[in-house]
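>>> Pasting the sequence and the predicted model now:
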Amino acid sequence: MNERPLRIVIAKAGLDGHDRGAKVIARALRDAGMEVIYTGLFQTPEQIVQTVIQEDADGIGLSILSGAHMTLFPLVVEQLKAQDAGDIVFFGGGTIPPEDAQRLRDLGVRAIFTPGAPLGEIVDFVQTECGKRRALVG
């Protein structure tokens, strides 16, 4: 069976114009054999989720450095649920305090990676969690 690689959308939401970290993550995931779709800057939660659905993605990584994480992450969770796509692995990163990271995980964000997180740890998480989803979805 010739199964396609894991497909991951990397997104930047809101008015956050800093995307270097998102590009580093995208490159690391590509180097690990995944197919990565980078949405570019200034996306709305609705646009991000539509891209995830259109691309039949296994996971979505959201990068936020603007401080709007407690607004934008929950909006993406809501959009995923509204589109009956709550099973898509949703992870994120950025300058997010530990107490906020826990609140986001409680809302359904699978993992939060902060600056300095080892790339290997992020790649392993994505391969493992998106691989589990792929096995369940078929």
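Noted; the coordinates are in hand. Numbers count the residues shown, from 1 in each chain.
>>> any idea whether the most centrally placed residue in the chain is helix, strand or coil?
In the chain, the centroid-proximal residue (CA atoms, centre = their mean) is Gly61; its distance is 1.4 Å. Using DSSP: H, G, I helix; E, B strand; the rest coil, the structure places Gly61 in strand.
>>> That one against Val76, yeah?
No - contact criterion CB atoms under 8 Å: Gly61 and Val76 do not qualify, at 10.8 Å. C-betas here are computed from N, CA, C, even on glycine.
>>> residues in contact with the residue nearest to the centre of the chain?
Contact analysis of Gly61 by CB atoms under 8 Å, 6 or more residues apart in numbering lists Ile8, Val9, Ile10, Ala11, Ala22, Ile25, Leu29, Phe91, Gly92, Gly93, Val126.
>>> Would you mind naming the residues that bridge with it?
Ile10, Phe91 (DSSP bridges).
>>> Quickly note the distance from it to Arg7.
12 Å (CB to CB, to the nearest Å).
>>> Figure out the helix or strand that Lys132 lives in.
Here Lys132 sits within helix 119-137, counting by DSSP states H and E.
>>> can you give me how far that helix is from the chain middle?
Counting by CA atoms, centre = their mean, to the nearest Å, helix 119-137 is centred 11 Å from the centre of its parent chain.
>>> Just name the closest of the contacts of Gly61 to Thr51, please.
Using CB to CB, Val9 is the member of those that sits closest to Thr51, with 5.5 Å.
>>> residues contacting that closest one?
Val36, Ile37, Tyr38, Thr39, Ile48, Thr51, Val52, Glu55, Ala57, Gly59, Ile60, Gly61.
>>> returning to what we had before: got the contacts of Gly61 as JSON lines, with pLDDT and distance to Lys132 columns?
Converted to JSON lines, the contacts of Gly61 look like this (pLDDT from 0 to 100; distance: CB to CB, whole Å):
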{"residue": "Ile8", "pLDDT": "98", "distance to Lys132": "14"}
{"residue": "Val9", "pLDDT": "98", "distance to Lys132": "18"}
{"residue": "Ile10", "pLDDT": "98", "distance to Lys132": "20"}
{"residue": "Ala11", "pLDDT": "97", "distance to Lys132": "21"}
{"residue": "Ala22", "pLDDT": "95", "distance to Lys132": "24"}
{"residue": "Ile25", "pLDDT": "96", "distance to Lys132": "20"}
{"residue": "Leu29", "pLDDT": "98", "distance to Lys132": "16"}
{"residue": "Phe91", "pLDDT": "98", "distance to Lys132": "13"}
{"residue": "Gly92", "pLDDT": "97", "distance to Lys132": "18"}
{"residue": "Gly93", "pLDDT": "96", "distance to Lys132": "20"}
{"residue": "Val126", "pLDDT": "98", "distance to Lys132": "11"}
